[in-house]
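J.: Fold the following and give me the result.
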Amino acid sequence: MIDFITVFAIIASIFMGISIGASAVPPAFGPVTSSGSIGILKSALLAGIAACLGAIIQGGRVTATVGSGMIFGEIQTLQALSILTVASLLVIISVLTKYPMPTAFTIVGSVIGSAFSFGHEIRWSTIQRIVGYWAVVPILAVISAYSISSLLKKYVSKEESKKPVQYLTLLMGLFVAFTAGANSVGKAVGPLMGMSFQLRLLLALGGVSILVGAWILSPKIIDAVSFEYSNIGPRRSVSALGTSAILAQIGVFLGVPISFSQAIIASTVGSGLVVGRSGVGKKKIAFTSAAWVSAIFVAIGLTYALGNALQYIVG
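T.: Below you'll find the model as predicted:
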């Protein structure tokens, strides 16, 4: 039975990686697409490749936080299965409904819920640090993106700089996708750290899974971020991507799993505000924000229930 549980946990991890690739990585290329730099399908493939490289090269710190930093003791195999099953299902639902689900919210909520059902003590100091950064991200993103976009609008000619700015947007999109992979891979493979797998192997597994998800399933989310939240041009795309990259890299450095979709969408909104409130999809943003807040509590409840059910079935 234990061997089957391990196999199912690995499958759930792969599914979570695919879900992340479909939901968390695409916002990095939303501004690239809306700026006219590249098409949606090519964006999906390039974003996936960049995210895969980021996961393998720079994903270790966040993976350690998810795997052992939020609770005392190692995550059990059955526990990892419950965490990854709930988190990935919530994220894939968001892909199908075109509302980018914050993977950080779902995975942290799932870890907390599993701790209750499997009897682990929670490291509340770590949870407070993570949630504190989550609260700061959208505020900093909107302010920074608005400020940078305003300066670009004032000093950079739209007509004369269109092509150079589009190329710069594409390069920044690649870097942002790289950072998204680095910050997100731990959400897929962190719960498997208690199974004695080598870290590099886990990062490679997560990176490839994210690549597959971004390539095959992400066009819907790229389209949503490009045209439904805030339709922005090349100059504002640069400010949105630059702001998001900085915030996500801080998260990687701190080992904090952040909601990358939250950062990029808030940056996109801040850039869109330069042309007035009409450049922002207010209803879409309000609905998404409510869904994000509820996601962590839903993840806690579902993982607690699934963890108890799995323990009853196995034991």
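
J.: need the helices for this protein, in chain order.
T.: Using DSSP state H, the helices found in the chain span residues 2-23, 30-34, 40-58, 60-64, 77-97, 103-118, 124-155, 162-189, 199-217, 219-224, 234-254, 260-272, 282-314.

J.: looking at the ones you listed, which is closest to Ile71?
T.: When the helices of the chain are compared by Cβ to Cβ, helix 103-118 sits nearest Ile71, at 4.8 Å. For glycine as for every other residue, the C-beta is placed from the backbone atoms N, C-alpha and C.

J.: Let me see the contact set for Ser184.
T.: Ser184 sits next to 20, 24-25, 51, 55, 59, 62, 103, 210, 257, 260 when contact means Cβ atoms under 8 Å, 6 or more residues apart in numbering.

J.: Distance to Met70 and mean pLDDT added to the helices of the chain, as a markdown table?
T.: Listed next are those as a markdown table, based on distance: least, Cβ to Cβ, whole Å; pLDDT from 0 to 100:
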| stretch | distance to Met70 | mean pLDDT |
| --- | --- | --- |
| helix 2-23 | 16 | 87 |
| helix 30-34 | 29 | 67 |
| helix 40-58 | 20 | 89 |
| helix 60-64 | 10 | 92 |
| helix 77-97 | 11 | 86 |
| helix 103-118 | 5 | 92 |
| helix 124-155 | 5 | 84 |
| helix 162-189 | 11 | 84 |
| helix 199-217 | 17 | 92 |
| helix 219-224 | 27 | 66 |
| helix 234-254 | 14 | 79 |
| helix 260-272 | 18 | 71 |
| helix 282-314 | 12 | 84 |
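
J.: I'd like those laid out as TSV, including distance to Ile71.
T.: Formatted as TSV, those follow (distance: least, Cβ to Cβ, whole Å):
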stretch	distance to Ile71
helix 2-23	16
helix 30-34	34
helix 40-58	23
helix 60-64	13
helix 77-97	9
helix 103-118	5
helix 124-155	9
helix 162-189	14
helix 199-217	18
helix 219-224	30
helix 234-254	18
helix 260-272	23
helix 282-314	12
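
J.: Select from the contacts of Ser184 the one having the most neighbours.
T.: Ala51 (38 neighbours; other Cβ atoms under 10 Å).

J.: Next, the contact list for that one, please.
T.: Taking Cβ under 8 Å, 6+ apart as the criterion, Ala51 is in contact with 21, 25, 28, 177-178, 180-181, 184, 207, 210-211, 214.

J.: which pair in the residues you listed spans the largest distance?
T.: Largest pairwise distance in these, by Cβ to Cβ, is 15.0 Å, between Ala28 and Gly207.
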